[in-house]
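# Fold the following, please.
(chains A and B)
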Amino acid sequence: MTVTSPVPVERNWVDSLKADGIERDDALADLHDLLLRAARFEIGRRRAALSHVRGEELEDLAVQAADDAMVAVLAKLDTYRGASRFTTWAYKFALLEAGVRVRRRAWQAREVVLEPESWPSFEDEGASVDRRHEAAELLAALQSAVRGALTPHQREVFTALALNEVPIDVLSERMGTTRGALYKTLHDARRKLRAELTATGHMEET
Amino acid sequence: MTDRNDRLERLLGPTGPDIGCEECFERLDEYVELELQGRDAEASVPGMRAHLDGCPACREEHESLHALLS
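So this is what the prediction gives:
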């Protein structure tokens, strides 16, 4: 008689997390371990942005991210559609929470400026006089479009996110709004600027 | 010309359909698994690539989930 090892079956996370007693307790503990692993992974990847932060604080950030991700996963459990493995679905919550914390911690002492701090140069190195002139015209057209085509809110959001490169989660916290709402504003502003630059002959129609 | 256009395109973001941050998060797990299976993830989630090109925060989360599972 031959004895074969049982084929490992992927755990039914949703059922275990909805069960009672020890099965649920075990699933919750394993879920938290999984989320903490993902949060540490993300903080490790973004460590360069937090070079001034002590290791203990980084671990605190990871634990907070895992805790909040756990709450989010449990609140959204009924929305899990099985389009990916459960662990992949759960990981993204931890990566989001950790990523937001890293960006906000890195900007904690920095001012968010809603006026342009610098404009990009459109001049290519070694460009001819004509090309430099074109680049200066393009920059002037962009500045004019930002001033004239955007609403004040769109101008602030475009300036902060696109020109000054403020992380979107930092701006959402300071403005008391969401990443999604800010991105929609940015998207609308970009569309208007593109239309304006196309109308003035500085961009080709797409 | 290319450098100049690249800088302008980066500032003005991608053209075409863009699913936005909420749907990006909703479908990120599915998208990354399809990518890792070598399948056409963009065909299943149209507008995801444009969003990742235009949103640095969502792009970072996409890169991280990809790296975590690789």
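# Pop the domain breakdown of chain A in here.
Chain A breaks down by automatic domain parsing into domains covering A:13-106, A:129-199.
# Is there any residue in the last one that contacts chain B?
The reference is to domain A:129-199. Yes. Using Cβ under 8 Å from any Cβ of the partner chain, we find that domain A:129-199 touches chain B at A:135, A:138, A:142, A:162-163, A:167-169, A:178-180, A:183-184, A:186-187, A:190, A:193-194, A:197. C-beta here means a position set from N, CA and C on the backbone, and glycine is covered the same way.
# Taking those, please make a ChimeraX selection of just the buried ones.
A single ChimeraX command selects the buried members of these (16 or more other Cβ atoms under 10 Å in any protein chain shown):
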select /A:135,138,142,162,163,167,168,169,179,180,183,184,186,187,190,193,194,197
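# With mean pLDDT added, can I get the domains of chain A in a markdown table?
Formatted as a markdown table, the domains of chain A follow (pLDDT from 0 to 100):
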| stretch | mean pLDDT |
| --- | --- |
| domain A:13-106 | 96 |
| domain A:129-199 | 93 |
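# what about residue 30, which helix or strand?
Just going to use chain A. In this structure, A:D30 is located in helix A:21-45 according to DSSP states H and E.
# Oops, wrong one, chain B.
helix B:20-36.
# residues of that helix that come out buried?
By 16+ other Cβ under 10 Å, the buried positions in helix B:20-36 come out as B:20-21, B:24-35.
# Near chain A, which residues of chain B are found?
Contact residues (Cβ under 8 Å from any Cβ) of chain B with chain A: B:1, B:3-4, B:7-8, B:11-13, B:15, B:18, B:20-22, B:25, B:27-30, B:32-33, B:54-57, B:60-61, B:64-65, B:67-69.
# hmm, try it at 6 Å
By the rule Cβ under 6 Å from any Cβ of the partner chain, the part of chain B lying against chain A is B:3-4, B:7, B:11-13, B:15, B:21-22, B:28-30, B:33, B:55, B:57, B:60-61, B:64-65, B:68.
# Let's see the pLDDT reported for the residue sitting nearest the centre point of chain B.
Chain B has B:L52 as the residue nearest its centroid, 2.6 Å off, counting by Cα atoms, centre = their mean. For B:L52, the model assigns a pLDDT of 96.
# And A:V9, by the same measure?
Note for A:V9: predicted pLDDT of 58.
# same deal with B:Q37?
Taking B:Q37 on its own, its pLDDT is 96.
# how deep is it tucked in, by neighbour count?
Neighbourhood size, B:Q37 [other Cβ atoms under 10 Å in any protein chain shown]: 8.
# Over to it: give its phi and psi.
Backbone geometry at B:Q37, expressed as degrees, to the nearest 10, gives phi -90, psi 0.
# quick one: it and A:F86, what's the gap?
Distance, B:Q37 to A:F86, using Cβ to Cβ, to the nearest Å: 17 Å.
# what does A:M70 give?
Distance, A:M70 to A:F86, using Cβ to Cβ: 14 Å.
# roughly how far apart are B:D6 and chain A?
Distance, B:D6 to chain A, by Cβ to the nearest Cβ, to the nearest Å: 10 Å.
# re earlier: among the residues of chain B next to chain A, name the buried ones.
Buried, going by 16+ other Cβ under 10 Å: B:4, B:7, B:11-13, B:21, B:28-30, B:33, B:55, B:57, B:60-61, B:64-65, B:68, out of the residues of chain B next to chain A.
# Counting only helices, which of those residues make the cut?
B:4, B:7, B:11-12, B:21, B:28-30, B:33, B:57, B:60-61, B:64-65, B:68 (DSSP state H).
# what about residue 47, how many residues close to it?
All of this is about chain A. 13.
# To clarify, I was referring to chain B.
Neighbours of B:G47 (other Cβ under 10 Å): 17.
# got it, and B:R10?
13.
# CA atoms of stretch A:11-22 as CSV?
Written as CSV, here are the backbone C-alpha positions of stretch A:11-22 (Å, rounded to 0.1, in the frame of the first residue of the first chain):
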residue,chain,number,x,y,z
ARG,A,11,-7.6,27.7,2.8
ASN,A,12,-11.2,29.0,2.5
TRP,A,13,-10.4,32.3,4.2
VAL,A,14,-13.9,33.8,3.8
ASP,A,15,-15.6,30.9,5.5
SER,A,16,-12.9,30.8,8.3
LEU,A,17,-13.2,34.5,8.9
LYS,A,18,-17.0,34.2,9.2
ALA,A,19,-16.9,31.1,11.4
ASP,A,20,-17.2,31.0,15.2
GLY,A,21,-14.7,30.2,17.9
ILE,A,22,-11.2,28.9,17.4
